[in-house]
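Asks: what's the 3D shape of this:
(one chain, ligands or ions: 1)
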Amino acid sequence: MKNNITIIGTGYVGLVTGTCFAEMGNKVTCVDIDTQKIANLKKGIIPIYEPGLENLVSNNSKNGNLNFTTNLIAILPKTDIIFIAVGTPMQEDGSADLQHVLQVAQQIGENMTKPVVIVDKSTVPVGTADKVRKTIQTALDKRKQNITFDVVSNPEFLKEGNAIADFMKPDRIIIGSDNLKSIETLKNIYAPFFRTHDRFIIMDIKSAELTKYAANAMLATKISFMNEMANICELVGADINKVRIGIGSDSRIGYNYIYPGAGFGGSCLPKDVNALEHTAKEYGYTPNLLTAVNQVNDNQKLVIANKVIKHFGSDLTGKTFAVWGLAFKPGTDDMREAPSIYIIKELVKRGAKINAYDPKAMDEAKTHYLKNTTVNYCDDKYEALKNANALLLLTEWKEFRSPDFDIIKENLNQAVIFDGRNQYNALQLEKEGIVYYQIGVVG
Ligand SMILES: NC(=O)c1ccc[n+]([C@@H]2O[C@H](COP(=O)([O-])OP(=O)(O)OC[C@H]3O[C@@H](n4cnc5c(N)ncnc54)[C@H](O)[C@@H]3O)[C@@H](O)[C@H]2O)c1
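Replies: Numbers count the residues shown, from 1 in each chain. Predicted structure coming up:
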(Lines give C-alpha, C1' and ligand atoms only; values in the text may rest on other atoms or scores of the structure.)
Protein backbone atom coordinates (compact mmCIF):
# COMPACT_ATOMS: atom_id res chain seq x y z
CA MET A 1 0.00 0.00 0.00
CA LYS A 2 1.30 3.43 -0.87
CA ASN A 3 1.69 5.79 2.06
CA ASN A 4 1.30 9.54 1.76
CA ILE A 5 4.43 10.78 3.47
CA THR A 6 5.55 14.34 4.17
CA ILE A 7 9.16 15.17 4.97
CA ILE A 8 9.77 18.59 6.50
CA GLY A 9 13.31 19.85 5.95
CA THR A 10 14.94 18.95 2.64
CA GLY A 11 18.62 18.85 3.65
CA TYR A 12 20.99 15.89 3.74
CA VAL A 13 18.66 13.79 5.88
CA GLY A 14 15.28 14.99 4.60
CA LEU A 15 16.12 14.72 0.91
CA VAL A 16 17.67 11.27 1.25
CA THR A 17 14.81 10.02 3.45
CA GLY A 18 12.13 11.37 1.12
CA THR A 19 13.84 10.06 -1.98
CA CYS A 20 14.34 6.56 -0.57
CA PHE A 21 10.73 6.36 0.64
CA ALA A 22 9.62 7.45 -2.86
CA GLU A 23 11.88 4.78 -4.40
CA MET A 24 9.94 2.19 -2.36
CA GLY A 25 6.72 3.33 -4.02
CA ASN A 26 5.37 5.81 -1.49
CA LYS A 27 3.92 9.20 -2.41
CA VAL A 28 6.34 11.64 -0.83
CA THR A 29 6.29 15.40 -0.55
CA CYS A 30 9.44 17.15 0.65
CA VAL A 31 8.84 20.55 2.23
CA ASP A 32 11.36 23.29 2.92
CA ILE A 33 11.22 26.99 3.77
CA ASP A 34 14.18 27.62 1.47
CA THR A 35 12.36 28.75 -1.69
CA GLN A 36 15.49 28.65 -3.84
CA LYS A 37 16.24 25.06 -2.79
CA ILE A 38 12.70 23.93 -3.62
CA ALA A 39 12.65 25.83 -6.95
CA ASN A 40 15.93 24.13 -7.89
CA LEU A 41 14.76 20.68 -6.82
CA LYS A 42 11.65 21.10 -8.97
CA LYS A 43 14.03 21.69 -11.91
CA GLY A 44 16.10 18.63 -10.94
CA ILE A 45 18.96 20.64 -9.43
CA ILE A 46 20.21 18.86 -6.29
CA PRO A 47 21.43 21.18 -3.50
CA ILE A 48 24.01 18.76 -2.07
CA TYR A 49 26.51 16.23 -3.35
CA GLU A 50 25.61 12.71 -2.29
CA PRO A 51 26.57 9.74 -4.48
CA GLY A 52 23.57 8.22 -6.30
CA LEU A 53 21.09 10.82 -5.08
CA GLU A 54 20.66 12.80 -8.30
CA ASN A 55 19.48 9.81 -10.32
CA LEU A 56 17.02 8.67 -7.67
CA VAL A 57 15.57 12.17 -7.29
CA SER A 58 15.23 12.49 -11.04
CA ASN A 59 13.53 9.08 -11.52
CA ASN A 60 11.10 9.52 -8.66
CA SER A 61 10.24 13.08 -9.63
CA LYS A 62 9.46 11.87 -13.16
CA ASN A 63 7.23 9.01 -11.99
CA GLY A 64 5.37 11.36 -9.65
CA ASN A 65 6.35 9.66 -6.38
CA LEU A 66 8.51 12.57 -5.24
CA ASN A 67 7.30 16.16 -5.04
CA PHE A 68 8.68 19.36 -3.60
CA THR A 69 6.91 22.33 -2.06
CA THR A 70 7.28 25.25 0.32
CA ASN A 71 3.60 25.06 1.24
CA LEU A 72 3.19 22.75 4.22
CA ILE A 73 -0.34 23.93 4.93
CA ALA A 74 -1.59 22.83 1.51
CA ILE A 75 -0.36 19.27 1.89
CA LEU A 76 -1.32 18.63 5.53
CA PRO A 77 -4.85 17.37 4.63
CA LYS A 78 -3.32 14.78 2.28
CA THR A 79 -0.68 13.30 4.56
CA ASP A 80 -0.80 10.36 7.00
CA ILE A 81 2.67 10.67 8.40
CA ILE A 82 5.06 13.59 8.79
CA PHE A 83 8.82 13.24 9.30
CA ILE A 84 10.53 16.28 10.84
CA ALA A 85 14.08 16.46 9.42
CA VAL A 86 14.97 20.11 9.95
CA GLY A 87 18.34 21.21 11.30
CA THR A 88 19.15 21.28 15.01
CA PRO A 89 22.37 23.34 14.98
CA MET A 90 24.55 24.02 17.98
CA GLN A 91 23.87 27.16 20.00
CA GLU A 92 26.57 29.30 21.69
CA ASP A 93 26.22 27.33 24.94
CA GLY A 94 26.60 23.97 23.15
CA SER A 95 22.92 23.01 23.37
CA ALA A 96 20.84 21.96 20.34
CA ASP A 97 18.79 24.75 18.83
CA LEU A 98 15.21 23.45 18.68
CA GLN A 99 13.64 26.53 17.11
CA HIS A 100 13.14 24.90 13.69
CA VAL A 101 11.67 21.71 15.15
CA LEU A 102 9.24 23.65 17.36
CA GLN A 103 8.31 26.05 14.54
CA VAL A 104 7.31 23.03 12.48
CA ALA A 105 5.31 21.60 15.42
CA GLN A 106 3.54 24.95 15.80
CA GLN A 107 2.68 25.05 12.09
CA ILE A 108 1.34 21.50 12.20
CA GLY A 109 -0.80 22.25 15.28
CA GLU A 110 -2.17 25.42 13.72
CA ASN A 111 -3.11 23.80 10.42
CA MET A 112 -3.72 20.06 10.74
CA THR A 113 -7.19 18.89 9.80
CA LYS A 114 -6.97 15.12 10.29
CA PRO A 115 -5.17 12.56 12.49
CA VAL A 116 -1.49 12.23 11.75
CA VAL A 117 1.68 10.58 13.09
CA ILE A 118 4.57 13.01 13.57
CA VAL A 119 8.04 11.48 13.53
CA ASP A 120 11.11 13.26 14.93
CA LYS A 121 13.94 12.28 12.61
CA SER A 122 16.10 15.28 13.46
CA THR A 123 18.65 14.62 16.18
CA VAL A 124 17.00 16.12 19.25
CA PRO A 125 17.73 16.09 23.00
CA VAL A 126 15.78 13.90 25.39
CA GLY A 127 12.41 15.46 26.08
CA THR A 128 11.95 17.03 22.63
CA ALA A 129 9.12 14.68 21.61
CA ASP A 130 7.25 15.89 24.72
CA LYS A 131 7.87 19.50 23.67
CA VAL A 132 6.66 18.78 20.13
CA ARG A 133 3.54 17.08 21.49
CA LYS A 134 2.82 19.98 23.86
CA THR A 135 3.34 22.60 21.13
CA ILE A 136 0.91 20.83 18.78
CA GLN A 137 -1.68 20.22 21.52
CA THR A 138 -1.56 23.85 22.68
CA ALA A 139 -2.12 25.05 19.10
CA LEU A 140 -5.02 22.59 18.66
CA ASP A 141 -6.57 23.68 21.97
CA LYS A 142 -6.36 27.29 20.83
CA ARG A 143 -8.25 26.32 17.69
CA LYS A 144 -10.71 24.29 19.84
CA GLN A 145 -9.98 21.29 17.63
CA ASN A 146 -9.99 17.74 18.92
CA ILE A 147 -7.80 15.91 16.40
CA THR A 148 -5.74 12.88 17.44
CA PHE A 149 -2.03 12.78 16.69
CA ASP A 150 1.02 10.96 17.96
CA VAL A 151 4.70 11.87 18.20
CA VAL A 152 7.34 9.18 17.61
CA SER A 153 11.13 9.31 17.76
CA ASN A 154 12.97 7.75 14.81
CA PRO A 155 16.58 8.99 14.84
CA GLU A 156 18.58 8.76 11.63
CA PHE A 157 21.98 7.06 11.41
CA LEU A 158 22.93 7.59 7.74
CA LYS A 159 26.48 8.64 6.93
CA GLU A 160 27.04 11.47 4.47
CA GLY A 161 28.88 10.13 1.42
CA ASN A 162 27.15 6.75 1.83
CA ALA A 163 23.70 8.01 2.70
CA ILE A 164 21.65 6.21 0.04
CA ALA A 165 23.24 2.83 0.78
CA ASP A 166 22.84 3.37 4.53
CA PHE A 167 19.19 4.31 4.16
CA MET A 168 18.37 1.52 1.75
CA LYS A 169 20.09 -1.11 3.90
CA PRO A 170 19.93 0.13 7.48
CA ASP A 171 21.81 -1.51 10.38
CA ARG A 172 18.78 -0.77 12.51
CA ILE A 173 15.62 1.28 12.56
CA ILE A 174 14.99 2.65 16.01
CA ILE A 175 11.39 3.43 16.81
CA GLY A 176 10.81 5.28 20.05
CA SER A 177 7.15 4.97 20.96
CA ASP A 178 4.72 3.24 23.30
CA ASN A 179 1.84 3.55 20.84
CA LEU A 180 1.30 0.20 19.08
CA LYS A 181 -0.56 1.76 16.15
CA SER A 182 2.23 4.25 15.44
CA ILE A 183 4.85 1.51 15.76
CA GLU A 184 2.94 -0.55 13.18
CA THR A 185 2.67 2.47 10.85
CA LEU A 186 6.44 2.98 10.94
CA LYS A 187 7.20 -0.72 10.60
CA ASN A 188 4.99 -0.82 7.54
CA ILE A 189 6.87 2.09 5.94
CA TYR A 190 10.30 0.64 6.68
CA ALA A 191 9.50 -3.05 5.96
CA PRO A 192 10.55 -2.85 2.26
CA PHE A 193 14.08 -1.90 3.33
CA PHE A 194 14.61 -5.31 4.95
CA ARG A 195 14.88 -8.33 2.69
CA THR A 196 15.98 -11.25 4.87
CA HIS A 197 15.10 -10.19 8.40
CA ASP A 198 13.99 -6.94 9.92
CA ARG A 199 16.18 -4.86 12.16
CA PHE A 200 13.60 -2.88 14.11
CA ILE A 201 14.52 -1.87 17.62
CA ILE A 202 11.53 -0.62 19.56
CA MET A 203 12.02 1.37 22.74
CA ASP A 204 10.58 4.24 24.75
CA ILE A 205 10.89 7.72 23.27
CA LYS A 206 13.53 9.05 25.66
CA SER A 207 15.83 6.06 25.10
CA ALA A 208 15.44 6.48 21.32
CA GLU A 209 16.33 10.17 21.56
CA LEU A 210 19.37 9.39 23.69
CA THR A 211 20.52 6.46 21.51
CA LYS A 212 21.39 8.81 18.66
CA TYR A 213 23.56 10.99 20.93
CA ALA A 214 25.15 7.96 22.58
CA ALA A 215 26.08 6.53 19.16
CA ASN A 216 27.71 9.75 17.99
CA ALA A 217 29.43 10.31 21.32
CA MET A 218 30.87 6.78 21.13
CA LEU A 219 32.20 7.38 17.61
CA ALA A 220 33.68 10.75 18.60
CA THR A 221 35.26 9.14 21.68
CA LYS A 222 36.94 6.48 19.53
CA ILE A 223 38.40 9.16 17.28
CA SER A 224 39.61 11.38 20.10
CA PHE A 225 41.05 8.35 21.90
CA MET A 226 43.08 7.40 18.84
CA ASN A 227 44.20 10.98 18.32
CA GLU A 228 45.35 11.15 21.93
CA MET A 229 47.29 7.89 21.43
CA ALA A 230 48.76 9.39 18.22
CA ASN A 231 49.99 12.44 20.14
CA ILE A 232 51.56 10.21 22.79
CA CYS A 233 53.17 8.10 20.04
CA GLU A 234 54.88 11.17 18.63
CA LEU A 235 56.31 12.07 22.03
CA VAL A 236 57.65 8.63 22.88
CA GLY A 237 58.82 7.73 19.36
CA ALA A 238 56.18 5.09 18.60
CA ASP A 239 54.16 4.74 15.36
CA ILE A 240 50.36 5.04 15.69
CA ASN A 241 49.84 3.11 12.43
CA LYS A 242 51.44 0.07 14.03
CA VAL A 243 49.71 0.62 17.37
CA ARG A 244 46.36 0.81 15.53
CA ILE A 245 46.88 -2.58 13.92
CA GLY A 246 48.13 -3.98 17.21
CA ILE A 247 45.02 -2.99 19.14
CA GLY A 248 42.51 -3.55 16.32
CA SER A 249 43.45 -7.23 16.20
CA ASP A 250 41.73 -7.65 19.57
CA SER A 251 38.16 -8.60 18.64
CA ARG A 252 36.86 -6.63 21.62
CA ILE A 253 38.37 -3.50 20.05
CA GLY A 254 38.21 -4.13 16.28
CA TYR A 255 39.65 -2.13 13.40
CA ASN A 256 36.68 0.11 12.64
CA TYR A 257 36.79 3.78 13.39
CA ILE A 258 40.19 3.81 15.08
CA TYR A 259 42.09 5.86 12.51
CA PRO A 260 44.12 8.80 13.77
CA GLY A 261 43.70 12.05 11.86
CA ALA A 262 43.31 15.81 11.85
CA GLY A 263 40.21 15.66 14.06
CA PHE A 264 36.53 14.99 13.46
CA GLY A 265 34.21 17.53 11.85
CA GLY A 266 30.90 17.44 10.06
CA SER A 267 27.39 18.41 10.94
CA CYS A 268 26.85 15.72 13.55
CA LEU A 269 29.69 14.59 15.82
CA PRO A 270 30.81 18.04 17.06
CA LYS A 271 27.32 19.38 17.70
CA ASP A 272 25.95 16.15 19.13
CA VAL A 273 28.80 15.67 21.62
CA ASN A 274 28.29 19.27 22.72
CA ALA A 275 24.53 18.86 23.02
CA LEU A 276 24.88 15.68 25.09
CA GLU A 277 27.42 17.39 27.33
CA HIS A 278 24.94 20.24 27.76
CA THR A 279 22.04 17.89 28.56
CA ALA A 280 24.15 16.05 31.17
CA LYS A 281 25.07 19.33 32.86
CA GLU A 282 21.42 20.46 32.82
CA TYR A 283 20.64 17.36 34.86
CA GLY A 284 23.46 18.14 37.32
CA TYR A 285 25.96 15.59 35.97
CA THR A 286 29.55 16.50 35.01
CA PRO A 287 30.34 14.54 31.81
CA ASN A 288 34.16 14.57 32.10
CA LEU A 289 34.69 12.13 29.25
CA LEU A 290 32.56 14.10 26.77
CA THR A 291 34.32 17.34 27.70
CA ALA A 292 37.69 15.67 27.11
CA VAL A 293 36.55 14.25 23.74
CA ASN A 294 35.82 17.80 22.59
CA GLN A 295 39.03 19.25 24.01
CA VAL A 296 41.17 16.60 22.33
CA ASN A 297 39.37 17.26 19.05
CA ASP A 298 39.75 21.06 19.26
CA ASN A 299 43.52 20.64 19.70
CA GLN A 300 43.72 17.94 17.03
CA LYS A 301 42.34 20.25 14.36
CA LEU A 302 45.52 22.31 14.67
CA VAL A 303 48.06 19.46 14.80
CA ILE A 304 48.82 19.70 11.06
CA ALA A 305 49.11 23.51 11.21
CA ASN A 306 51.52 23.13 14.14
CA LYS A 307 53.65 20.67 12.16
CA VAL A 308 53.80 23.18 9.29
CA ILE A 309 54.86 25.92 11.72
CA LYS A 310 57.50 23.66 13.27
CA HIS A 311 58.96 22.96 9.82
CA PHE A 312 58.68 26.42 8.21
CA GLY A 313 58.68 28.76 11.23
CA SER A 314 55.86 30.81 12.75
CA ASP A 315 55.98 33.56 10.11
CA LEU A 316 54.68 32.01 6.88
CA THR A 317 54.83 35.17 4.78
CA GLY A 318 55.90 34.33 1.24
CA LYS A 319 55.07 30.64 1.65
CA THR A 320 52.37 28.87 -0.39
CA PHE A 321 50.69 25.63 0.60
CA ALA A 322 48.76 23.24 -1.61
CA VAL A 323 45.73 21.80 0.17
CA TRP A 324 44.15 18.60 -1.10
CA GLY A 325 40.71 18.15 0.42
CA LEU A 326 38.36 20.62 2.10
CA ALA A 327 35.28 18.50 2.92
CA PHE A 328 35.13 17.09 6.43
CA LYS A 329 35.28 13.60 4.92
CA PRO A 330 35.31 12.04 1.45
CA GLY A 331 32.10 11.51 -0.51
CA THR A 332 30.45 14.77 0.53
CA ASP A 333 30.58 18.51 -0.14
CA ASP A 334 29.77 19.17 3.52
CA MET A 335 32.32 21.43 5.19
CA ARG A 336 30.59 21.99 8.51
CA GLU A 337 33.31 22.02 11.23
CA ALA A 338 35.85 20.56 8.77
CA PRO A 339 39.46 20.59 10.11
CA SER A 340 40.50 22.21 6.78
CA ILE A 341 38.77 25.44 7.83
CA TYR A 342 40.80 25.73 11.03
CA ILE A 343 44.10 24.71 9.40
CA ILE A 344 43.76 27.07 6.43
CA LYS A 345 42.74 30.02 8.63
CA GLU A 346 45.71 29.42 10.94
CA LEU A 347 48.18 29.35 8.04
CA VAL A 348 46.65 32.39 6.30
CA LYS A 349 46.75 34.30 9.60
CA ARG A 350 50.52 33.72 9.58
CA GLY A 351 50.90 35.13 6.07
CA ALA A 352 50.69 31.95 3.99
CA LYS A 353 49.00 31.67 0.60
CA ILE A 354 46.77 28.65 -0.07
CA ASN A 355 46.13 26.77 -3.32
CA ALA A 356 43.20 24.46 -2.63
CA TYR A 357 41.56 21.62 -4.50
CA ASP A 358 38.60 19.44 -3.49
CA PRO A 359 36.54 17.34 -5.92
CA LYS A 360 33.20 18.50 -4.45
CA ALA A 361 33.48 21.04 -1.63
CA MET A 362 35.04 24.12 -3.29
CA ASP A 363 31.73 25.91 -3.83
CA GLU A 364 30.82 25.41 -0.16
CA ALA A 365 34.23 26.78 0.84
CA LYS A 366 33.90 29.83 -1.43
CA THR A 367 30.35 30.71 -0.48
CA HIS A 368 30.34 29.86 3.23
CA TYR A 369 33.17 28.43 5.23
CA LEU A 370 36.18 30.26 3.79
CA LYS A 371 34.21 33.18 2.38
CA ASN A 372 36.41 35.78 4.09
CA THR A 373 39.71 33.94 3.67
CA THR A 374 41.86 34.41 0.58
CA VAL A 375 42.22 31.03 -1.10
CA ASN A 376 43.24 30.25 -4.66
CA TYR A 377 40.89 27.46 -5.81
CA CYS A 378 42.32 25.10 -8.42
CA ASP A 379 40.56 22.91 -11.01
CA ASP A 380 42.93 20.02 -10.59
CA LYS A 381 44.91 18.49 -7.72
CA TYR A 382 48.24 18.84 -9.52
CA GLU A 383 47.56 22.46 -10.47
CA ALA A 384 47.33 23.25 -6.73
CA LEU A 385 50.95 22.15 -6.29
CA LYS A 386 52.47 24.81 -8.56
CA ASN A 387 54.99 26.96 -6.67
CA ALA A 388 53.83 25.59 -3.34
CA ASN A 389 56.29 24.93 -0.52
CA ALA A 390 54.47 21.83 0.66
CA LEU A 391 51.35 19.72 0.15
CA LEU A 392 48.77 19.28 2.92
CA LEU A 393 46.42 16.31 2.56
CA LEU A 394 43.29 17.00 4.63
CA THR A 395 40.49 14.78 3.20
CA GLU A 396 41.03 11.17 2.17
CA TRP A 397 39.27 11.32 -1.22
CA LYS A 398 40.08 8.23 -3.33
CA GLU A 399 41.75 10.36 -6.01
CA PHE A 400 44.43 11.40 -3.49
CA ARG A 401 45.29 7.84 -2.46
CA SER A 402 47.92 6.96 -5.03
CA PRO A 403 49.03 10.15 -6.75
CA ASP A 404 51.96 10.44 -9.12
CA PHE A 405 54.76 11.37 -6.73
CA ASP A 406 56.99 12.44 -9.64
CA ILE A 407 54.47 15.13 -10.58
CA ILE A 408 54.25 16.16 -6.94
CA LYS A 409 58.03 16.54 -6.74
CA GLU A 410 58.23 18.39 -10.07
CA ASN A 411 55.62 20.94 -9.07
CA LEU A 412 56.34 21.63 -5.42
CA ASN A 413 59.15 24.05 -4.57
CA GLN A 414 60.15 21.69 -1.79
CA ALA A 415 59.18 18.02 -1.63
CA VAL A 416 57.29 18.10 1.67
CA ILE A 417 53.94 16.46 2.46
CA PHE A 418 51.89 16.97 5.63
CA ASP A 419 49.34 14.18 5.73
CA GLY A 420 46.36 14.74 8.04
CA ARG A 421 44.85 11.36 7.11
CA ASN A 422 47.87 9.00 7.14
CA GLN A 423 47.28 7.90 3.56
CA TYR A 424 50.76 7.19 2.31
CA ASN A 425 53.51 4.69 2.95
CA ALA A 426 56.31 6.48 4.79
CA LEU A 427 59.02 4.15 3.41
CA GLN A 428 57.91 4.73 -0.17
CA LEU A 429 57.95 8.49 0.32
CA GLU A 430 61.39 8.30 1.92
CA LYS A 431 62.62 6.44 -1.20
CA GLU A 432 61.05 9.16 -3.36
CA GLY A 433 63.01 11.74 -1.39
CA ILE A 434 59.88 13.37 -0.01
CA VAL A 435 59.85 14.73 3.53
CA TYR A 436 56.74 13.16 5.00
CA TYR A 437 54.86 14.22 8.11
CA GLN A 438 51.85 12.25 9.31
CA ILE A 439 49.73 12.05 12.44
CA GLY A 440 51.12 10.00 15.33
CA VAL A 441 54.56 9.35 13.88
CA VAL A 442 57.66 11.33 14.83
CA GLY A 443 58.26 13.80 12.00
N1 LIG B 1 23.69 15.26 7.96
C2 LIG B 1 23.81 14.08 8.51
O3 LIG B 1 24.70 13.28 8.18
C4 LIG B 1 22.85 13.65 9.59
C5 LIG B 1 22.78 12.29 9.96
C6 LIG B 1 21.87 11.90 10.93
C7 LIG B 1 21.09 12.84 11.56
N8 LIG B 1 21.18 14.16 11.20
C9 LIG B 1 20.30 15.12 11.87
O10 LIG B 1 19.21 15.40 10.99
C11 LIG B 1 18.79 16.77 11.11
C12 LIG B 1 18.89 17.45 9.77
O13 LIG B 1 20.24 17.46 9.38
P14 LIG B 1 20.69 17.87 7.91
O15 LIG B 1 22.16 17.65 7.83
O16 LIG B 1 19.78 17.23 6.92
O17 LIG B 1 20.38 19.44 7.97
P18 LIG B 1 20.41 20.50 6.75
O19 LIG B 1 20.84 21.77 7.36
O20 LIG B 1 21.16 19.93 5.59
O21 LIG B 1 18.88 20.61 6.32
C22 LIG B 1 17.88 21.13 7.12
C23 LIG B 1 16.80 21.72 6.21
O24 LIG B 1 15.68 22.10 7.03
C25 LIG B 1 15.11 23.27 6.44
N26 LIG B 1 14.23 23.95 7.41
C27 LIG B 1 14.57 24.66 8.52
N28 LIG B 1 13.45 25.10 9.14
C29 LIG B 1 12.39 24.65 8.41
C30 LIG B 1 10.99 24.77 8.53
N31 LIG B 1 10.45 25.46 9.54
N32 LIG B 1 10.21 24.19 7.60
C33 LIG B 1 10.74 23.51 6.56
N34 LIG B 1 12.08 23.36 6.39
C35 LIG B 1 12.88 23.92 7.30
C36 LIG B 1 16.33 24.08 6.02
O37 LIG B 1 15.99 25.08 5.08
C38 LIG B 1 17.23 22.96 5.46
O39 LIG B 1 17.04 22.80 4.09
C40 LIG B 1 19.69 17.36 12.19
O41 LIG B 1 19.05 17.26 13.43
C42 LIG B 1 20.92 16.47 12.16
O43 LIG B 1 21.60 16.45 13.39
C44 LIG B 1 22.04 14.58 10.22
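Asks: which parts of the chain sit against the ligand?
Replies: With C-beta under 6 Å from any ligand atom as the criterion, the chain meets the ligand at residues 8-14, 31-34, 37, 85-88, 100, 103-104, 122-123, 156, 158, 160, 267-268. For glycine as for every other residue, the C-beta is placed from the backbone atoms N, C-alpha and C.
Asks: again, only this time at 5 Å
Replies: Within the chain, the positions adjacent to the ligand are 8-9, 11-13, 32-34, 86-88, 100, 103-104, 122-123, 156, 160, 267 by C-beta under 5 Å from any ligand atom.
Asks: just the buried members of those residues?
Replies: 8-9, 11-13, 32-33, 86-88, 100, 104, 122-123, 156, 160, 267 (16 or more other C-beta atoms under 10 Å).
Asks: the residue lying closest to Ile48 once chain neighbours are set aside and Ile408, how far apart?
Replies: Leaving aside its sequence neighbours, Ile48 sits nearest to Tyr12 (C-beta to C-beta, 6 or more residues apart in numbering; 5.9 Å). Counting by C-beta to C-beta, to the nearest Å, the gap from Tyr12 to Ile408 is 33 Å.
Asks: kindly report the same for Val442.
Replies: For Val442, the distance to Ile408 - C-beta to C-beta - is 22 Å.
Asks: between these two, who's got more neighbours?
Replies: Using other C-beta atoms under 10 Å, the more surrounded residue of Val442 and Ile408 is Ile408, with 21 against 12.
Asks: show the contacting residues for that one.
Replies: 382, 385, 391, 415, 417, 434 (C-beta atoms under 8 Å, 6 or more residues apart in numbering).
Asks: what's the answer for Asn4, then?
Replies: Per C-beta under 8 Å, 6+ apart, neighbours of Asn4: 26-27, 29, 78-81.
Asks: and what of Gly254?
Replies: Contact partners of Gly254, counting by C-beta under 8 Å, 6+ apart, are Gly248.
Asks: let me know the helix or strand that it is in.
Replies: Assigned by DSSP states H and E, Gly254 falls within no helix or strand.
Asks: chain neighbours aside, what residue packs nearest to the residue in the chain that the ligand sits nearest to?
Replies: As assessed by C-beta to the nearest ligand atom, the ligand sits closest to Gly11 within the chain, at 1.8 Å. Spatial nearest neighbour of Gly11, excluding adjacent residues (C-beta to C-beta, 6+ apart): Gly87 at 6.4 Å.
Asks: also Lys345?
Replies: Take Lys345 and drop its neighbours on the chain: the residue closest to it by C-beta to C-beta, 6+ apart is Thr373, 5.9 Å away.
Asks: in the stretch 101-250 of the chain, where is pLDDT below threshold?
Replies: By pLDDT under 70, the stretch 101-250 of the chain has no low-scoring segment.
Asks: stretch 195-204 spans what distance, first to last residue?
Replies: Terminal residues of stretch 195-204 lie 26 Å apart, using C-alpha to C-alpha, to the nearest Å.
Asks: likewise for stretch 257-269?
Replies: Taking C-alpha to C-alpha, stretch 257-269 runs 13 Å from one end to the other.
Asks: which positions within it qualify as buried?
Replies: For stretch 257-269, burial by neighbour count (16+ other C-beta under 10 Å) applies to 258-269.
Asks: looking at that stretch now, give me its mean pLDDT.
Replies: Average pLDDT, stretch 257-269: 95.
Asks: so which of the buried ones among the residues of the chain next to the ligand sit within strands?
Replies: Counting by DSSP state E, these place Ile8 in strands.
Asks: now do the helices in the stretch 1-150 of the chain.
Replies: Here the stretch 1-150 of the chain has its helices, by DSSP state H, counting those that start in this stretch, at 12-23, 35-42, 53-62, 72-75, 99-111, 128-143.
Asks: just these: most buried one?
Replies: Ranked by mean neighbour count under mean count of other C-beta atoms under 10 Å, the helices of the stretch 1-150 of the chain are led by helix 12-23, which reaches a mean of 25.
Asks: what's that helix packed up against?
Replies: Counting contacts by 3 or more C-beta pairs under 8 Å, 6 or more residues apart in numbering; DSSP states H and E, helix 12-23 is packed against strand 4-8, strand 27-31, helix 53-62, strand 66-69, strand 81-84, helix 163-168.
Asks: I'd say Asp363 and Met335 touch.
Replies: No - with contact defined as C-beta atoms under 8 Å, Asp363 does not reach Met335; the gap is 9.8 Å.
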